[in-house]
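Colleague: requesting a structural model of the entry that follows:
(one chain, ligands or ions: 2)
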Amino acid sequence: MTGTTSLSALMEGDHHDLDEVLVRFRSTPGAQIASRRELFTRFASGLRRHISLEERRLFPRMEEGGPESHRLVEMLLEDHRRIEGALVAIQATLDQGATSTEGPEVELLNLLGEHNAREEGFAYPWLDEHLPAADLLEVRHDLEEPLPPSDAATSR
Ligand SMILES: [Fe+2]
Ligand SMILES: [Fe+2]
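Modeller: Ligands and ions are numbered 1, 2, ... in the order given. The predicted structure follows:
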């Protein structure tokens, strides 16, 4: 049914889905601590799956693609490390029972904005041209897997 979906479309769709969860998290009042924790858990596990998929299935292909795409991968990996740092900071703030995580949230938004633009502008278009069809199928399969239930009670 979606046999011709490009890598760009799949991954941009996942960015978009993740953004929606992040917007819901950010628009939930700080006093609703349980809801915010649950939304953040859902967002963070989805983003970590996305990042893991990129690092396992996509970036190794790009590293084989020559010095330019190799340099881009180094930059994207550094972004991922910083994004992970922001996720950990938000989680730590939530764990302290804080009703605001605005500082690390803004940091995360800035990081994600730049990072996703780099991927959507350069990495995914490169992969649209170079990723073997079998790998594209694997990516699609990974993204269709339901996320494992989070430690917090997950409701939809
Ligand atoms: Fe990424
Ligand atoms: Fe991405």
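Colleague: check which helix or strand the spatially most central residue of the chain maps to.
Modeller: For the chain, the residue nearest the mean C-alpha position is Leu47 (3.2 Å; Cα atoms, centre = their mean). Assigned by DSSP states H and E, Leu47 belongs to helix 33-53.
Colleague: so, low pLDDT: which residues of this structure?
Modeller: 1-3, 150-156 (pLDDT under 70).
Colleague: quick one, helices of it?
Modeller: 7-27, 33-53, 59-63, 67-95, 102-118, 124-130, 133-144 (DSSP state H).
Colleague: and the first one, what does it pack onto?
Modeller: If I follow you right, that is helix 7-27. helix 33-53, helix 102-118, helix 124-130, helix 133-144 (3 or more Cβ pairs under 8 Å, 6 or more residues apart in numbering; DSSP states H and E). Heads up, the C-betas are built off the backbone N, CA and C, glycines and all.
Colleague: mind checking how far the second one is from the chain centre?
Modeller: Going back to what we said before, that points to helix 102-118. Centroid displacement of helix 102-118 relative to its chain, using Cα atoms, centre = their mean, to the nearest Å, is 11 Å.
Colleague: buried residues, that helix. List them.
Modeller: In terms of neighbour count (16 or more other Cβ atoms under 10 Å), helix 102-118 has its buried residues at Pro104, Glu105, Glu107, Leu108, Leu111, Leu112, His115, Asn116.
Colleague: next, the spatially most distant residue from the centre of the chain: phi, psi?
Modeller: Distance from the centre of the chain peaks at Ala31, with 26.1 Å (Cα atoms, centre = their mean). The phi/psi pair for Ala31 (degrees, to the nearest 10) reads phi -70, psi -20.
Colleague: what's the closest non-adjacent residue to it?
Modeller: Closest residue to Ala31 apart from its sequence neighbours, by Cβ to Cβ, 6 or more residues apart in numbering: Thr99 at 5.8 Å.
Colleague: ok, now how distant is that neighbour from Ala9?
Modeller: Separation of Thr99 from Ala9 (Cβ to Cβ, to the nearest Å) stands at 38 Å.
Colleague: burial of the spatially closest residue to Leu94 that is not a sequence neighbour, as a residue count?
Modeller: Among residues not flanking Leu94 along the chain, Arg37 sits closest, at 5.6 Å (Cβ to Cβ, 6+ apart). Close neighbours of Arg37, defined as other Cβ atoms under 10 Å, add up to 20.
Colleague: before we move on, back to that, farthest-apart pair in the buried residues of helix 102-118, please.
Modeller: Within these, Pro104 and Asn116 form the most distant pair, 17.8 Å apart (Cβ to Cβ).
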